[in-house]
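Participant: no sequence on hand, only this structure:
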């Protein structure tokens with residue numbers, strides 16, 4: 001008998017397991033992939049390690065919220081946190097070369113950099129940064145004095161999109177475009193993403209921006225070691241197909257695809273919230289809640305270019321690059337759903353490779369929807385090669401430092417993401433948050449069943465961990481958990 005079974009072994013699932021285990025609970029984690037944190041581990045190609053799931057994060061500097069989480073979980077001493085370039089953790093360039101903006105760490109410096117580029121917009125920029133930080137600095141568990149209400153980090157319906165907020169803030173279209181570029185970090189377009197949600201993702205980077213030496217692999221290795229030390233059972237290549245209920249309609253176990261039954265008192269679903277529908281009897285969910293879960297929209301998909309270069313790309317040393325395409329002659333031929341591209345170094349150890357992420361339409365690849373990776377028809381590979389060439393042309397034109405420097409590259413399409421991320425639409429970040437949506441809560445109608453994960457808070461390491469602490473706070477008692485968290489430095 002387990003006290004809790006956690007479904008999903010991503011960052012949120014592993015954090016849930018470690019928090020519960022630290023309070024003496026007997027915990028099992030069930031993961032359908034062959035390894036925990038599969039998406040964070042990355043892969044090796046052409047002698048380069050591509051850190052696909054972890055690029056950079058806010059909140060990891062000494063004394064900040066994520067660093068406190070690491071200490072609480074007992075993994076801080078296994079992780080080497082490396083600050084990104086303080087005077088330019090993010091760079092924004094336009095393809096007409098009119099903007100080459102270096103964004104530094106620190107609110108005042110961040111504002112000053114934007115004002116230098118847009119001198120007539122000081123008031124708008126100052127307000128924008130202040131509003132971002134007002135949200136980010138008061139997220140529950142990152143700020144231990146902020147109350148989470150009704151088991152949700154975001155307690156109210158969000159009715160102001162980022163696009164509407166920016167439209168009211170400034171009439172400068174180019175500034176609005178620049179301030180929207182970071183939407184790639186959560187996969188929701190500016191017209192649909194709530195401003196508060198966007199701020200919760202972007203705001204922490206202004207305070208600090210860091211990487212972990214060894215990237216996602218190092219983080220997962222530290223968490224796996226801690227799971228072992230805490231006696232947590234990790235069951236990979238297993239899939240939960242049913243939540244079992246007692247006669248009193250409360251959780252008493254989960255059934256796996258191989259017929260194995262795990263008895264438990266609590267289930268924390270850290271997978272896509274929609275899987276709850278398939279794992280429970282129809283009558284256990286109110287129609288409106290079932291409709292809410294069925295109606296969840298997915299975040300955007302993308303084309304990802306993995307490239308090895310002939311020499312180090314100094315532009316990406318300790319810094320990320322956002323390219324705004326303002327004059328692409330091939331714009332209508334691109335299968336992309338906006339005109340931006342995000343570039344980051346392949347990993348934190350060297351700069352002889354990079355990844356480029358371009359939000360893309362899944363529909364452009366539906367002719368091959370029934371095929372699987374490695375078994376697709378020739379027409380798919382022809383289209384993939386065409387897209388690769390168009391993207392390379394865009395990058396080499398926009399970033400002269402890359403011209404004639406890429407010697408090997410490979411493209412992942414939305415179908416690739418679908419197959420590796422278990423997402424029907426190749427979504428980068430799972431279910432998205434939209435304006436007018438009531439936030440999902442950790443609690444459900446079923447006693448003993450709780451939700452967790454990025455769909456409840458935000459994508460990325462920080463969002464996944466905040467969600468996990470919020471869910472565990474509901475299970476264990478918020479004051480009890482906060483009391484222990486406050487002891488960590």
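Facilitator: Sure thing, it's come through. What you are looking at is a predicted structure, and each value in this text was computed from that prediction instead of being measured. Residues are numbered from 1 along each chain as shown.
Participant: what distance do you get for residue 396 to residue 408?
Facilitator: From residue 396 across to residue 408, the span is 15 Å (Cβ to Cβ, to the nearest Å). C-beta: built from backbone N, CA, C; applies to glycine.
Participant: please read the previous query as pertaining to residue 357.
Facilitator: Here residue 357 is placed at a distance of 18 Å from residue 408 (Cβ to Cβ).
Participant: the two: which has the busier surroundings?
Facilitator: residue 357 (21 against 14; other Cβ atoms under 10 Å).
Participant: any idea how far apart the tips of stretch 134-144 sit?
Facilitator: Using Cα to Cα, to the nearest Å, one end of stretch 134-144 lies 15 Å from the other.
Participant: one more: stretch 56-72?
Facilitator: Stretch 56-72 has its terminal residues 21 Å apart, counting by Cα to Cα.
Participant: tell me the domain ranges of this structure?
Facilitator: The chain breaks down into these domains under automatic domain parsing: 2-81+213-296+433-485, 300-428.
Participant: ok, which of the ones you listed comes nearest residue 90?
Facilitator: With distances scored as Cβ to Cβ, the stretch of the domains of the chain nearest to residue 90 is domain 300-428 (5.1 Å).
Participant: out of the domains of the chain, which gets the lowest mean score?
Facilitator: Lowest mean pLDDT within those: domain 300-428, at a mean of 85.
Participant: end to end, how far does that domain reach?
Facilitator: Terminal residues of domain 300-428 are spaced 6 Å apart (Cα to Cα).
Participant: over to stretch 233-247?
Facilitator: Stretch 233-247 has an end-to-end distance of 27 Å (Cα to Cα).
Participant: contacts for it next, please.
Facilitator: Contact with stretch 233-247 is made by 2, 5, 7, 9, 27-36, 224, 227, 251-258, 260-261, 267, 275-276, 278-281, 284, 446, 449, as judged by Cβ atoms under 8 Å, 6 or more residues apart in numbering.
Participant: now, these that are in helices?
Facilitator: 224, 227, 275, 276, 278, 279 (DSSP state H).
Participant: for these, which two are the farthest from each other?
Facilitator: Distance extremes for these: the farthest pair is 224 and 278 at 28.0 Å, using Cβ to Cβ.
Participant: between these two, who's got more neighbours?
Facilitator: Per other Cβ under 10 Å, whichever of residue 224 and residue 278 has more neighbours is residue 224, with 18 against 10.
Participant: relative to residue 420, how far out is that one?
Facilitator: Counting by Cβ to Cβ, the gap from residue 224 to residue 420 is 20 Å.
Participant: ok, now residue 162?
Facilitator: Counting by Cβ to Cβ, the separation of residue 162 from residue 420 is 29 Å.
Participant: which of these two has more neighbours?
Facilitator: residue 162 (26 against 16).
Participant: pretty sure that one sits against residue 177.
Facilitator: No - using Cβ atoms under 8 Å, residue 162 is not in contact with residue 177, being 11.8 Å away.
Participant: does the closest residue to residue 440 other than its chain neighbours belong to a helix or a strand, and which?
Facilitator: In space, and not counting its chain neighbours, residue 440 is closest to residue 456: 5.1 Å by Cβ to Cβ, 6 or more residues apart in numbering. If you go by DSSP states H and E, residue 456 is not part of any helix or strand.
Participant: what lies in contact with the lengthiest helix in the chain?
Facilitator: Longest helix in the chain, counting residues (DSSP H): helix 378-398. Outside helix 378-398, the residues within contact range by Cβ under 8 Å, 6+ apart are 93, 95, 303, 305, 323, 325, 328, 330, 333-335, 341, 343, 356, 358, 365, 367-368, 371, 402-404, 406, 409, 411, 413, 415.
Participant: next: stretch 449-456.
Facilitator: Applying Cβ under 8 Å, 6+ apart, the set of residues contacting stretch 449-456 from outside is 8, 10, 12-13, 16, 152-153, 243, 251, 266-273, 276, 280, 296, 429-431, 433, 439-444, 460, 463-464, 467-468, 470-471, 474-475.
Participant: repeat that for 6 Å
Facilitator: Contact with stretch 449-456 is made by 12, 16, 251, 267-270, 273, 430-431, 440, 442, 463-464, 467-468, 471, as judged by Cβ atoms under 6 Å, 6 or more residues apart in numbering.
Participant: flag every buried residue along stretch 408-419.
Facilitator: For stretch 408-419, a neighbour-count test (16 or more other Cβ atoms under 10 Å) marks 409, 411, 412, 413, 414, 415, 416, 417, 418, 419 as buried.
Participant: tell me the contacts of the fifth one?
Facilitator: Yep, that's residue 414 we're talking about. Neighbour list for residue 414: 301, 360, 362, 365, 426 [criterion: Cβ under 6 Å, 6+ apart].
Participant: strands of the stretch 151-300 of the chain, residue ranges please.
Facilitator: Here the stretch 151-300 of the chain has its strands, by DSSP state E, counting those that start in this stretch, at 210-212, 233-235, 240-245, 251-256, 261-269.
Participant: what's the answer for the stretch 1-150 of the chain, then?
Facilitator: With strands called from DSSP E, counting those that start in this stretch, the stretch 1-150 of the chain shows them at 2-7, 27-30, 43-45, 48-50, 81-83, 90-94, 100-103.
Participant: for the third one, packing partners?
Facilitator: Applying 3 or more Cβ pairs under 6 Å, 6 or more residues apart in numbering; DSSP states H and E, one finds that strand 43-45 contacts no other helix or strand.
Participant: just give me the neighbour total for residue 165.
Facilitator: Residues near residue 165, counting by other Cβ under 10 Å: 21.
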